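Chemist: got a sequence here, can you model it:
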Amino acid sequence: MAALNILVYISSLVTIWVGANLIVDSIDRFSKKLRLSTFSVSFFVLGLLTSIPEIAVGANSVGEGKAEIFVGNLIGGIAVLFLFVVPVIAIVGNGIKISHHLSNKILISSFVVMLIPTFFVLDKRVTNFEGLLMILSYAILFYFVQRNHGVLDHGELRALEAKNFSTVDIFKVLLGVILVFIASQNLVDKTIYLAELMRIPLYYVSLILLSVGTNIPELSLGLSAVHAHKKDVAFGDYVGSACANTIIFGVLTLVNDGEVLTVNNFLPTFIILTTGLAIFFVFTKSKQDISRKEGYMLLGFYAIFSLIELLTK
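Modeler: All right, here's what the predicted structure looks like:
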């Protein structure tokens, strides 16, 4: 029975990977027809689209009345992106270039937006007002980023022109969304099962195991770039995806039945995550790359993060 449930869990992760790739590939082609800037596509379009698994898991967890699943998944996703995904890509690719057009001020502001959910759960509850503040923080970041880079290269909005739409792409997007949401329902169910089987908090399974699974699209994009011998990683996608977790958290807080209440101690999470992002920033701010050695260091920090979370839960 346990083996069957684990098999379903793994197959659901694979299904999410397939569905997310269908969505991202199709929308990427469509956005190029709209002449969206490369940075805008990376930060906003891909950033949000690669977060569709988080949206699906969050919606299903709210439906199941298990808010701790989306809390752990979204907070854990930030650690996964910067302390697991990017380091793994750096190790496999023998170092990677971190390509982005963000000033240090905007990059630090992005990290602050990412950390807002972790800060708000320090008192073990998130109110609807705090949910609104999360949404507002993302909107403010969006304003300043697009003011510097622009959403459209030439200020033209051609989304309503029929020639920009491909029937095949629309079908792929719809199929991808269906696959992701069906697989996410299985993931939520099996996450609850695994937590009970291993007798560890549901939040921890979501923070460590589930968050890795829902960030498979980001890992896939990075490894594909390495396989194509491209040293540049679309860093805007990772920053955009992590920031998108904040607005997703805010929306899920509002649609949840009342305030989001947790029983976990989030102070260690906040301290470790803040330290990890600070280390990442130091590694990238001057030379804009992550060496294989630095990748191992960040991955080691993620291992420490996981261990401390387990011991404190």
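Chemist: list the buried residues in the helix or strand hosting residue 55.
Modeler: Residue 55 belongs to helix 52-63 when assigned by DSSP states H and E. For helix 52-63, the neighbour count (16 or more other Cβ atoms under 10 Å) marks 52, 53, 54, 55, 56, 57, 58, 59, 60, 61, 62 as buried. All C-beta atoms are positioned from the backbone trio N, CA, C, and that covers glycine.
Chemist: quick check: residue 279 touching residue 299?
Modeler: No. Using Cβ atoms under 8 Å as the test, residue 279 is too far from residue 299 to be in contact (11.8 Å).
Chemist: touching the helix holding residue 55 from outside, list them.
Modeler: Contact partners of helix 52-63, identified using Cβ atoms under 8 Å, 6 or more residues apart in numbering, comprise 16, 19-20, 23, 67-70, 73-74, 77, 176-177, 180-181, 183-185, 187-188, 210, 213-217, 244-245, 248-249, 252, 255-257.
Chemist: still on that earlier bit, quick one: which of the buried residues of helix 52-63 is nearest to residue 134?
Modeler: Of all the buried residues of helix 52-63, residue 134 sits closest to residue 58, with 12.8 Å by Cβ to Cβ.
Chemist: contacts only, for the nearest residue to the closest one once chain neighbours are set aside.
Modeler: Among residues not flanking residue 58 along the chain, residue 70 sits closest, at 3.8 Å (Cβ to Cβ, 6 or more residues apart in numbering). Taking Cβ under 8 Å, 6+ apart as the criterion, residue 70 is in contact with 54, 57, 58, 61, 62, 206, 248, 249, 252.
Chemist: quick one: secondary structure of residue 70?
Modeler: Look at residue 70: counting by DSSP: H, G, I helix; E, B strand; the rest coil, its state is helix.
Chemist: in terms of pLDDT, where does it sit?
Modeler: With respect to pLDDT, residue 70 scores 91.
Chemist: that one and residue 193: what is the separation?
Modeler: 17 Å (Cβ to Cβ, to the nearest Å).
Chemist: what about residue 278, how many neighbours?
Modeler: Using other Cβ atoms under 10 Å, the number of residues around residue 278 comes to 12.
Chemist: sec struct for it, please.
Modeler: What three-state DSSP gives for residue 278 is helix.
Chemist: residue contacts, residue 245?
Modeler: Residue 245 neighbours (Cβ under 8 Å, 6+ apart): 51, 54, 74, 75, 77, 78, 114, 117.
Chemist: try 6 Å this time
Modeler: Residues in contact with residue 245 (Cβ atoms under 6 Å, 6 or more residues apart in numbering) are 74, 77.
Chemist: quick one: it from residue 104, how far?
Modeler: As for residue 245, its distance to residue 104 is 22 Å (criterion: Cβ to Cβ).
Chemist: residue 271 - how many residues pack around it?
Modeler: Neighbour count for residue 271, taken as other Cβ under 10 Å: 12.
Chemist: before we move on, what about the one 3 residues further on?
Modeler: Neighbours of residue 274 under the rule other Cβ under 10 Å: 16.
Chemist: what's the helix or strand for it?
Modeler: Residue-wise, residue 274 maps onto helix 267-285 under DSSP H and E.
Chemist: where does the chain have its least confident helix or strand?
Modeler: strand 232-234 (a mean of 58; mean pLDDT, DSSP states H and E).
Chemist: what angle separates the helix or strand following it from helix 52-63?
Modeler: For strand 232-234, the succeeding helix or strand toward the C-terminus, using DSSP H and E, is helix 235-255. Interaxial angle of helix 235-255 relative to helix 52-63 (axes from the mean of the first three to the mean of the last three Cα atoms, to 10 degrees): 10 degrees.
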